[in-house]
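Visitor: A predicted structure for the sequence below; I have some questions about it.
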Amino acid sequence: MRRTAGLLLTAALLAGCSGGFPADPDGTLERVTGDALRVGVTANPPWTEVEDGVPPSGLEAEIVTEFAETLDAEVDWTTGSEETLVGDLEAGELDLVIGGLTGRSPWSAQAALTTPYTTVPDEHGEPEPHVMAAPLGENAFLVRLETFLLEQHRDVLP
């Protein structure tokens, strides 16, 4: 609770600072707002489920759809492997990658991993924080996404 309050306060302070902090060097938040949120999704039920011919579903797909609504944006889904999607994220072809990613993700050097939005027990009963991947350096977009995730008080349990 204390951490959440601190993160929200930091986000609010940074959002109110002059000088454009937090900033998006590539303008992700501005480009997405009122347009399309390009989301890469890999199958990892119950977090994400992918079927040919239908939009992705699952817990994270629902969260992303709700987030896009706050931006007045449509979701443009791309399916693929984590490696391919993170490569597309790095290349600026995607705005977000989901698929049951955890805080132990090997992609932290290639993507900005969100603050965990929920923690659930892994197969050994150990806490496993779940995150999403955004482009490195797109801090205004990341702050907006993390603020949304924290404000929703997500207690997502598979």
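Guide: Arrived safely. Small disclaimer: the values here were computed from a predicted structure and weren't measured.
Visitor: from here on, contacts and neighbour counts on C-alpha atoms
Guide: Will do.
Visitor: what are the ranges of the helices in this protein?
Guide: 2-16, 28-32, 59-70, 82-90, 139-151 (DSSP state H).
Visitor: just send these back as TSV, with mean neighbour count too.
Guide: As requested, the helices of the chain are arranged in TSV below (neighbours: other C-alpha atoms under 10 Å):
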stretch	mean neighbour count
helix 2-16	14
helix 28-32	17
helix 59-70	18
helix 82-90	18
helix 139-151	20
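Visitor: looking at those helices, spot the one closest to residue 125.
Guide: Among those, helix 59-70 comes nearest to residue 125, with 20.4 Å by C-alpha to C-alpha.
Visitor: hmm, who's touching that closest one?
Guide: By C-alpha atoms under 8 Å, 6 or more residues apart in numbering, the residues outside helix 59-70 that reach it are 37, 46-48, 74-75, 98-100, 145, 148, 156, 158.
Visitor: ok so, going back, mind putting the helices of the chain in TSV, mean pLDDT included?
Guide: TSV is the format used below for these (pLDDT from 0 to 100):
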stretch	mean pLDDT
helix 2-16	48
helix 28-32	96
helix 59-70	96
helix 82-90	97
helix 139-151	94
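Visitor: wait, which of those is closest to residue 133?
Guide: Across the helices of the chain, residue 133 has its closest neighbour in helix 82-90 (8.0 Å, C-alpha to C-alpha).
Visitor: need the contact partners of stretch 106-124.
Guide: 86-87, 89-90, 102-103, 127-137, 142, 146, 149-150, 153-157.
Visitor: ok, now how distant is the closest residue to residue 42 other than its chain neighbours from residue 130?
Guide: With C-alpha to C-alpha, 6 or more residues apart in numbering as the measure, residue 99 is the residue that lies nearest to residue 42, at 4.9 Å, once sequence neighbours are left out. Noted for residue 99: a distance of 10 Å to residue 130, by C-alpha to C-alpha, to the nearest Å.
Visitor: no further queries at this time; thank you.
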